[in-house]
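Peer 1: 3D, please:
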Amino acid sequence: MLNKLIKILVTFLIFYQTPVYSKSASFNDFNSRDLTNYFSGIIAYENKDNTDALKFFNASKVLINKHDSYLKRYVYSLVLENKVAQAINIIKYKNNKDNTNFYNAYILLVIDSLKKNDFEKAENYIIQSLKFKDQTRFNLVISETLKQYVYTFKNKKILSNKQNFGNLSLISQIFQKCYLKESNTGSFFLNLINNPQGDYSRYIFFYINYLIENDRIEEAKAVAAQIEYINSTLLLSQSRSWVENNKLKEFNKVFSCSNPSDIVSEFLFLISNLYSSQDDFEKSNFYLNLSNYLNPNFKFNLSLLAENFFINKEYNKVEETLRNFKKEDEFYYWFKVKKQAQIIIDEDGYEDAVKFLSLKFNKINNPNLKMVFDIANFYKNAKKYEKAIDYYTQIISSLSNDTVIKSDLLYRRGGSYERLGSYKKSDDDLLYSLKINPDDAYVLNYLAYSWLERDYKIDEAFQMLEKAYASRNEDPYIIDSIGWAHFLINNYVEAEKYLKRAVELMPNDPIVNDHYGDILWKLNRKIQARYFWNNVLSFKETDKDIKEKINVKMIEGL
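Peer 2: Numbers count the residues shown, from 1 in each chain. Okay, the predicted model is just below:
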């Protein structure tokens, strides 16, 4: 009876999901154990538990030549488990070739051909992949861009009649020019890096790489010198470190414009990044693993994979990915340590994480400013304000000029002083920060809120909040602050308008819910007030002292 039920369920599920494309044989031909494993694999696959899905698919491989949907899921799961070569082999050497007629199959065949520099085959597979260009919004972009790259590799010139995908096409054109060693490649890199329509700072790495490959060493050093450790990405910080330590050969070890596989690998990483930014982490990991297959030397890209796994709380996979980063990688080793500390916070709390990070940090000889900055922020988040202040002071003392970075550091140190109740020092830092950057909405907000809480310079605090709100009127923290300012001067009706909006934007924030509850109480909406106070008690991240105050308010009101 159970086996019969499983067959019915699987039959329904398969034909429901793929009524047009399924070419299954009769289910009477399937062993019940295979069906059970396949059904379990589908459930795991749909639940995005890819490791288990692959185990079940492996146990039901008899279906590989009998059912299209099985093959698609199986191949996809293999790539997600970073078994790209195995996925390619299954597509290439399967008996029933009709079953390989799906988009990912052609992309895998393109990748395989590119790795072998067989551009003729790659071009043919790309043309076939275009049959599926309307299935997803990215299919057309991926196939057309790959077509442009392969045309350049094959014909040693850039395709003239091509589709334009905005800045994505501009990036592709730059790498094609770099591959062809065109003389204006450098100016194209600079135009992209300085493009005001987005953050293209990643391509500073490739520009430095290009300069080094063309023996323009002094220019490369000049570009690297402009990179600031504190507010730069891992890749750029690593780039500056290599240049400063005269490790110029490291650039070519991970990427070369002369290598088609490296270039396409970077394109696939870009696609992976786009999917990740849209919270589609599964597709992001799929294209990231293809990128890594083409250029396994660029292991630094795996930091995105670690981030994707971390967001989904797949901590075992995070740890497995982080093993790629060694001590000699400096910044990526520090990324590894920080990510491990974040896992400890989730599993065991801040105290254990602080011990772990401190131990690792103290073993680093001459930690750079980025590491000092990171550990200062870590201590601040862990409410170890004295330690945070020590590290912020260390960095501030090393800065001679009043830069935006110094303004930010003063803001962070000032906030730490404020948490300790050292209001004079806090005000001095925050006012100095505003002297450097008078329009910083977050510093204006923090200082004004601090003054309001102390019943100090109310009018001036209001002016600062209005200035902050004028430039950041969608920021929930600033909305909360200006609403709370109205509350403190007994303007409850106006306060409620702001706090209601802040709660809508941050429904799980303890402070915002607490503030909204207080305002509702003052407006004699006491049942609603207790509802929002009760929310505060239910939030995992609510501080103990806030919970104690809420418990009193739940009984006595304000």
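Peer 1: Apart from its neighbours in sequence, what residue is nearest Ser450?
Peer 2: Distance criterion Cβ to Cβ, 6 or more residues apart in numbering; nearest residue to Ser450, sequence neighbours excluded, is Glu418 at 5.4 Å. C-beta here means a position set from N, CA and C on the backbone, and glycine is covered the same way.
Peer 1: Within the helices and strands, which one has that neighbour?
Peer 2: Assigned by DSSP states H and E, Glu418 belongs to helix 404-420.
Peer 1: packing partners for that helix?
Peer 2: With contacts taken as 3 or more Cβ pairs under 8 Å, 6 or more residues apart in numbering; DSSP states H and E, helix 404-420 sits against helix 369-381, helix 385-398, helix 423-436, helix 441-453.
Peer 1: Tabulate these (a markdown table), appending mean neighbour count and mean pLDDT.
Peer 2: Below are the helices and strands packed on helix 404-420 laid out as a markdown table (neighbours: other Cβ atoms under 10 Å; pLDDT from 0 to 100):
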| stretch | mean neighbour count | mean pLDDT |
| --- | --- | --- |
| helix 369-381 | 20 | 93 |
| helix 385-398 | 17 | 94 |
| helix 423-436 | 18 | 95 |
| helix 441-453 | 22 | 92 |
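Peer 1: picking up where we left off before, now the helix holding Glu418, how far from the centre of its chain.
Peer 2: Using Cα atoms, centre = their mean, to the nearest Å, the mean C-alpha position of helix 404-420 is found 26 Å from that of the whole chain.
Peer 1: Show me what counts as buried in it.
Peer 2: For helix 404-420, the neighbour count (16 or more other Cβ atoms under 10 Å) marks 405-418 as buried.
Peer 1: show me the contacts for the residue nearest to Ser450.
Peer 2: Remark: with contacts taken as Cβ atoms under 8 Å, 6 or more residues apart in numbering, Glu418 is in contact with Ser426, Leu430, Tyr446, Ser450.
Peer 1: Only the buried residues of stretch 134-149, if you could.
Peer 2: Within stretch 134-149, the residues scored as buried using 16+ other Cβ under 10 Å are Phe138, Asn139, Leu140, Val141, Ile142, Ser143, Glu144, Thr145, Leu146, Lys147, Gln148, Tyr149.
Peer 1: Out of those residues, which is nearest to Ala495?
Peer 2: Proximity of the buried residues of stretch 134-149 to Ala495, judged by Cβ to Cβ, is greatest for Phe138, which lies at 45.3 Å.
Peer 1: and the closest one, backbone torsions?
Peer 2: Dihedral pair for Phe138: phi -90, psi -20, per degrees, to the nearest 10.
Peer 1: hang on, the earlier thing: save the helices and strands packed on helix 404-420 as a markdown table, and put in distance to Leu236 too.
Peer 2: Output for the helices and strands packed on helix 404-420, formatted as a markdown table (distance: least, Cβ to Cβ, whole Å):
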| stretch | distance to Leu236 |
| --- | --- |
| helix 369-381 | 10 |
| helix 385-398 | 18 |
| helix 423-436 | 23 |
| helix 441-453 | 24 |
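Peer 1: on that earlier part again, please narrow the buried residues of stretch 134-149 to those residing in strands.
Peer 2: Within the buried residues of stretch 134-149, no residue falls in strands by DSSP state E.
Peer 1: quick one: which of the residues you listed is nearest to Asp374?
Peer 2: When these are compared against Asp374 (criterion: Cβ to Cβ), the nearest one is Phe138, at 33.7 Å.
Peer 1: list the contacts for that closest one?
Peer 2: Phe138 makes contact with Ile271, Leu274, Tyr275, according to Cβ under 8 Å, 6+ apart.
Peer 1: for Phe165, same thing?
Peer 2: Residues in contact with Phe165 (Cβ under 8 Å, 6+ apart) are Val141, Glu144, Thr145.
Peer 1: Ok, Leu447 next?
Peer 2: Shown in contact with Leu447 (Cβ under 8 Å, 6+ apart): Gly414, Asp427, Leu430, Leu431, Leu434, Ala461, Met464.
Peer 1: One more: Asn381?
Peer 2: Tyr350.
Peer 1: Ser129 now?
Peer 2: Tyr103, Tyr106, Ile107, Val110, Asn139, Ser143.
Peer 1: closest to Ser397 among those?
Peer 2: The closest of these, once distances to Ser397 are taken by Cβ to Cβ, is Ile107, at 52.7 Å.
Peer 1: wait, the closest one sits on Ser291?
Peer 2: No - at 11.9 Å, Ile107 does not count as touching Ser291 under the criterion of Cβ atoms under 8 Å.
Peer 1: and those two? which has more neighbours close in?
Peer 2: Set Ile107 next to Ser291 and count neighbours by other Cβ atoms under 10 Å: Ser291 wins out with 29 against 24.
Peer 1: out of everything not next to it in sequence, what's closest to the more buried one?
Peer 2: Ser291 sits nearest to Leu268 (Cβ to Cβ, 6+ apart), 3.8 Å away.
Peer 1: and if you look at Tyr449?
Peer 2: Of all residues not flanking Tyr449 in the chain, Ser481 sits nearest, at 4.7 Å (Cβ to Cβ, 6+ apart).
Peer 1: residues touching the one you found, list them.
Peer 2: Here Ser481 is in contact with Asn445, Ala448, Tyr449, Leu452, Leu465, Ala468 (Cβ under 8 Å, 6+ apart).
Peer 1: Ala220 now?
Peer 2: Ile208, Leu211, Ile212, Val243, Leu248.
Peer 1: re earlier: pick the one among the contacts of Glu418 closest to Thr321.
Peer 2: Checking the contacts of Glu418 against Thr321 by Cβ to Cβ gives Tyr446 as the nearest, at 35.9 Å.
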